[in-house]
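Trainee: Have a look; sequence and predicted model below, questions after that.
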Amino acid sequence: MKLTFFNDYQLGLVEDDSIIDLMPLVGNINAPTSQDLINGVISEFNTRYRSLFLKASATEIKIPLSQVQLRAPLPRPGKIVAMAANYMENGALKEPRPINAFFKSPESVIGNGDTVILPPNLATIFHHEAELGLVIGETAKDVQPEEAYKHIFGYINFVDVSARGLNIPSFYWGKSWDTFGPMGPYLVTADEIPDPQNINVNLWVNGDIRQTYNTNDMGHKIPRIIEWASSIARLEAGDIIICGTNHQGLGALQDGDKLEMETDGLGILSVLVQDDSKREWPRGVDTEMADRVAGR
């Protein structure tokens, strides 16, 4: 299934080019916020909501997607755990780097059709990082690798927007600006993605391909990621782990850009970029960055 919010944060089920309003089916959830609502759905999906949503698919009125505004499927997740330098750069590295991660601010999240706002006068360049997102389905603490996939509810496109060249190197400063976490257009349940460790990730800027890689290039695979992350912090339903990016293909984001990301089976996420300072960088792939990360 493909779940997302639309219009005034109504929960919907996406099917082809239409969406079904699921709000009449989830009114029993104590949900002060939209994130609480989707957390509740995730927590009871297999025991309650899957069957209800399947019935709605067959009986309820379908609204054309062209008539609604899609929102972030997870508007304010409790945690965004972001894996750092977790790709082999198309085999350029002989061994994975030591496993590492950071927290990205939940306030960075925006959805399909929204706008990334570049802050003024702070960075030498802003990059896109297309990443596969894992959405946690149940409490995960000290998870063993062989149990890892049981804790994944679904998958999502995520762009880790990054500010480079800050005078004090800091993951928080470089990654957690408001609007620096585009995700969507929907959350796809795990049963629709048979092998998340072998899917293609693509990102375009203004229609030109930038990043194109396969998740089989991860240095630390998904079971190890969940094992390691859950050994440090307890993960809860609705939390996200973004798996890192292959840096071959990174390029600048600047005012007026249209960014599109597509991972196999996860739809196309599209956002705009705004920079009131109107800064400009060379178009295309940042080969210097790509070579440095690959150790060339």
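Mentor: Structure's in. What do you need?

Trainee: ok, residue 136 - contacts?
Mentor: Residue 136 is in contact with 151-153, 235-241, counting by Cβ atoms under 8 Å, 6 or more residues apart in numbering. For the C-beta atoms, the positions are set from N, CA and C on the backbone; glycine is no exception.

Trainee: Neighbours of residue 233, how many?
Mentor: 14 (other Cβ atoms under 10 Å).

Trainee: just to revisit the earlier point, just put the contacts of residue 136 in TSV and tack on neighbour count and secondary structure.
Mentor: Output for these, formatted as TSV (neighbours: other Cβ atoms under 10 Å; DSSP: H, G, I helix; E, B strand; the rest coil):
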residue	neighbour count	secondary structure
151	21	helix
152	20	strand
153	23	strand
235	24	strand
236	18	coil
237	22	coil
238	25	coil
239	26	coil
240	26	strand
241	27	strand
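
Trainee: mind listing the helices for the stretch 101-250 of the chain?
Mentor: Secondary structure of the stretch 101-250 of the chain (DSSP state H, counting those that start in this stretch): helices located at 171-175, 222-232.

Trainee: what comes up buried for the first one?
Mentor: Under the neighbour-count criterion of 16 or more other Cβ atoms under 10 Å, helix 171-175 has 174-175 buried.

Trainee: quick one: average confidence on it?
Mentor: With pLDDT averaged residue by residue, helix 171-175 scores 91.

Trainee: Now do that helix: distance to the chain's middle.
Mentor: Its chain's C-alpha centre and that of helix 171-175 lie 17 Å apart, by Cα atoms, centre = their mean, to the nearest Å.

Trainee: tell me what that helix is packed against?
Mentor: strand 101-103, strand 162-164 (3 or more Cβ pairs under 8 Å, 6 or more residues apart in numbering; DSSP states H and E).

Trainee: Walk me through the domains of this structure.
Mentor: 2-67, 80-294 (automatic domain parsing).

Trainee: what's the residue closest to the geometric middle of the protein?
Mentor: Nearest residue to the geometric centre of the chain (Cα atoms, centre = their mean): residue 158, 2.2 Å.

Trainee: ok, the residue nearest to it when sequence neighbours are not counted - contacts?
Mentor: Spatial nearest neighbour of residue 158, excluding adjacent residues (Cβ to Cβ, 6 or more residues apart in numbering): residue 133 at 4.0 Å. Counting by Cβ under 8 Å, 6+ apart, residue 133 touches 155-158, 183, 240-243.

Trainee: Please repeat the previous calculation with a cut-off of 6 Å.
Mentor: The neighbours of residue 133, taking Cβ atoms under 6 Å, 6 or more residues apart in numbering as the test, are 156, 158, 240, 242.

Trainee: Quick check: it vs residue 294, distance?
Mentor: 24 Å (Cβ to Cβ, to the nearest Å).

Trainee: just residue 248 next, same as before
Mentor: Separation of residue 248 from residue 294 (Cβ to Cβ): 7 Å.

Trainee: which residues do those two both contact?
Mentor: In contact with both residue 248 and residue 294: residue 89, using Cβ under 6 Å, 6+ apart.

Trainee: Settle it for me: which of these two has more neighbours?
Mentor: When residue 248 and residue 294 are compared for neighbours, residue 248 comes out ahead with 21 against 17, by other Cβ under 10 Å.

Trainee: okay, now the residue lying closest to that one once chain neighbours are set aside: neighbour count?
Mentor: Sequence neighbours aside, residue 290 is the residue nearest to residue 248 in space, at 4.8 Å (criterion: Cβ to Cβ, 6+ apart). Neighbourhood size, residue 290 [other Cβ under 10 Å]: 19.
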